[in-house]
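> quick one: sequence and predicted model below, then my questions.
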Amino acid sequence: MHLWFVLLSLLCSVLSACRREAPAVVLDARPAPDLAPAAPAAPQHPPMCEVEIMGQVVLPRTVPKGTQATIVVAQGDCLAPDARVLGRARSAQDGRFFIEVFSDWGADLSVCAAVEPVEGQPVRVYGKAAGTFHAEAEGEVIFRDVRVELKPGPPHAFPKVRIGGP
């Protein structure tokens, strides 16, 4: 009888194995994830940069003492005929000046000054500060002790302030 029990158990095992359903196959049609490390995100910064410039205008001897000069700050070359002038200010009678402008982030600025009785009219006494002033910092960029020496020269007209655009 023991043999009969073994045979019956074996038969039940075989029959139950035949009835088992195959496991379900799940296909994932999504693209494989990119396992490469992500590149670091570009630093975020505002589109504009606040720039403060202060310094001294030096007038030639031919100009009366106490004459106020016009300070002109441009994105790019302030002496270019099509300069993008960001701001204008008047110097104090002793030649000291302060001006604040907003430029495109990362722009190079230049500073000019002129004895300009009427804005936009050609002048004959003007000058440009040495170097450029790079506008790229959170908060504000401050440039101190900027020196602009004025000299007589051929007539030059500084464009008016141009807000926005190149």
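Sure thing, it's come through.

> nearest spatial neighbour of residue 141, chain-adjacent residues omitted?
Computed as C-beta to C-beta, 6 or more residues apart in numbering, the closest residue to residue 141 that is not its neighbour in sequence is residue 51, at 4.9 Å. Bear in mind the C-beta positions are built from the backbone N, C-alpha and C, glycine included.

> quick one: the helices in this structure?
2-19 (DSSP state H).

> who's the residue nearest to residue 141 bridged to?
In this entry, residue 51 is beta-bridged to residue 101, residue 141, by DSSP bridges.

> how much space separates the spatially most central residue of the chain from residue 45?
Nearest to the mean C-alpha position of the chain, by C-alpha atoms, centre = their mean, lies residue 105 at 2.2 Å. The gap separating residue 105 from residue 45 is 6 Å, by C-beta to C-beta, to the nearest Å.

> now the common contact residues for these two.
Residues touching both residue 105 and residue 45 by C-beta atoms under 8 Å, 6 or more residues apart in numbering: residue 136.

> so the residue nearest to residue 141 sits against residue 106, correct?
No - counting by C-beta atoms under 8 Å, residue 51 does not reach residue 106; the two are 11.7 Å apart.

> which residues do these two both contact?
Counting by C-beta under 8 Å, 6+ apart, the residues touching both residue 51 and residue 106 are residue 135.

> these two: which is more packed in?
Using other C-beta atoms under 10 Å as the criterion, residue 51 and residue 106 rank with residue 51 on top: 25 against 10.

> check contacts around that one.
Contact analysis of residue 51 by C-beta under 8 Å, 6+ apart lists 73, 100, 101, 102, 103, 109, 133, 135, 140, 141, 142, 143.

> next, count neighbours for the first one.
Think residue 73. Look at residue 73: counted by other C-beta under 10 Å, it has 27 neighbours.

> quick check, the residue nearest to the centre of the chain in contact with residue 134.
No - at 10.4 Å, residue 105 does not count as touching residue 134 under the criterion of C-beta under 8 Å.

> on that earlier part again, kindly state the pLDDT recorded for the residue nearest to residue 141?
Listed pLDDT for residue 51 reads 97.

> mean confidence score for stretch 91-104?
Stretch 91-104 shows a mean pLDDT of 97.
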